[in-house]
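K.L.:
let me see the structure of the following:
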Amino acid sequence: MLAAVIGFGLAGCSADDIQFNGGIFDAVGMSDSTKTKSKEPKLAERAPLVVPPSLDRLPEPGSTPPPDTAIAGIKDPDEAKTASKEELQRRQDEYCKVNYEQAKQRGDDTTADNAVGPLGPCRGSVLNAIKNWNSEE
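P.N.:
Predicted coordinates for the structure are as follows:
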């Protein structure tokens, strides 16, 4: 009796009717969904290449192009950042000379230790030394 039930159960399943669905079967390549997908990816159509309007405007190979005056008024942000860092360092040095070094010379350690310039405290510390050492490149 048990053999008859198993026989009828197996007779209803054939190799063509089994479907493997899921991410694991997709990765292995056993699922039916990979058979229906096309192998070639779909790409959008590219714009055609554009030829320059006139070959007379192109410079000779190896020659230096004339300077472009249209961008002469543009300021470089990296230069501005460097200039502002130099200005801040100059202001820090002036502040520390007056409020830290002169206070130390007078013997006023409390005022000297509390002096904080535009770039931070004036008193020397290990962290300031490391910061200065890393910033010098």
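K.L.:
pLDDT score for residue 44?
P.N.:
Looking at residue 44, its pLDDT reads 86.
K.L.:
pull the contacting residues for it.
P.N.:
By C-beta atoms under 8 Å, 6 or more residues apart in numbering, residue 44 lies in contact with nothing. In short, each C-beta sits where N, CA and C put it, glycine included.
K.L.:
tell me which residues are up against stretch 117-130.
P.N.:
So stretch 117-130 is in contact with 88-89, 91-92, 95-96, 99-100, 112-113, 115-116, going by C-beta under 8 Å, 6+ apart.
K.L.:
which helix is the longest one in this protein?
P.N.:
Looking across the chain with DSSP state H, the single longest helix is helix 77-96.
K.L.:
which SSE is immediately downstream of that helix?
P.N.:
helix 102-106 (DSSP states H and E).
K.L.:
which strands or helices does the helix or strand that that next one is followed by pack on?
P.N.:
Using DSSP H and E, the helix or strand that follows helix 102-106 in sequence is helix 109-113. Counting contacts by 3 or more C-beta pairs under 8 Å, 6 or more residues apart in numbering; DSSP states H and E, helix 109-113 packs against helix 102-106.
K.L.:
helices and strands of the protein: which one bottoms out on pLDDT?
P.N.:
Within the chain, no helix or strand scores below helix 33-36, which has a mean of 56 by mean pLDDT, DSSP states H and E.
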